[in-house]
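> Got a predicted structure plus its sequence, pasted below:
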Amino acid sequence: MTRNKDFNNITNFDRYRQCCTKMHQDYLNRISAYYGITGKDLSRFAWAEDRNVNLYFLEVFVDSINDITSKGCIVFAEINSSSCNKLFHMNLIDETSNHDFGEISPVKIDKKLAWLAQHGFISQDLINNIITASLHFTYGDINRKYTLNELHKECAKRWVDKEYT
């Protein structure tokens, strides 16, 4: 076990809060406009009705020579019982810039999370509370406006589609 690292609460950072708001709108629109689901049927969707989530952004190293950047981001959510959505960020680029982590395919998000837990960067309890359908990986630097703007669209679409099936 390496060490624990704390998440930064970024709920009050405008860019991330706007991303979260847009993601939630995209999520709800996908449910109602695309799938035509309303009323009691909304209960099957984790972020519908009056439920709120903690949304996590984990910046990690990506070992790829074909991409412009060696950065990626694991995004996921867990249900929270507060009256608002909360956002958390952790930069693990330096800690994940190694062969062991780099060898794990970006599509194997669960294996990347297990590696992070094994090395003490996130807790197993957090992993156990993840809304599985919310798990998403994106290439690029999420601190760039374009990446953050694209993230909310793709993440919300995939999340709803996974919950629907």
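Perfect, I can see it now.

> quick check: mean pLDDT across the longest helix along the chain?
Ordering each helix of the chain by length in residues (DSSP state H) puts helix 145-164 first. Mean pLDDT, helix 145-164: 84.

> was I right about L87 contacting C20?
Yes - proximity of L87 to C20 meets the contact threshold set by Cβ atoms under 8 Å, at 5.6 Å. The way it works is simple: take the backbone N, C-alpha and C, and place the C-beta from them, glycine included.

> which residues do the two both contact?
When Cβ atoms under 8 Å, 6 or more residues apart in numbering defines a contact, the residues bordering L87 and C20 alike are L55.

> picking up where we left off before, which other helices and strands does the longest helix of the chain contact?
Contact partners of helix 145-164 among helices and strands, from 3 or more Cβ pairs under 8 Å, 6 or more residues apart in numbering; DSSP states H and E: helix 14-29, strand 71-80, strand 136-139.

> Confirm that H89 sits in a strand.
Yes - if the criterion is DSSP: H, G, I helix; E, B strand; the rest coil, then H89 is within a strand.

> With that, I have no additional questions.
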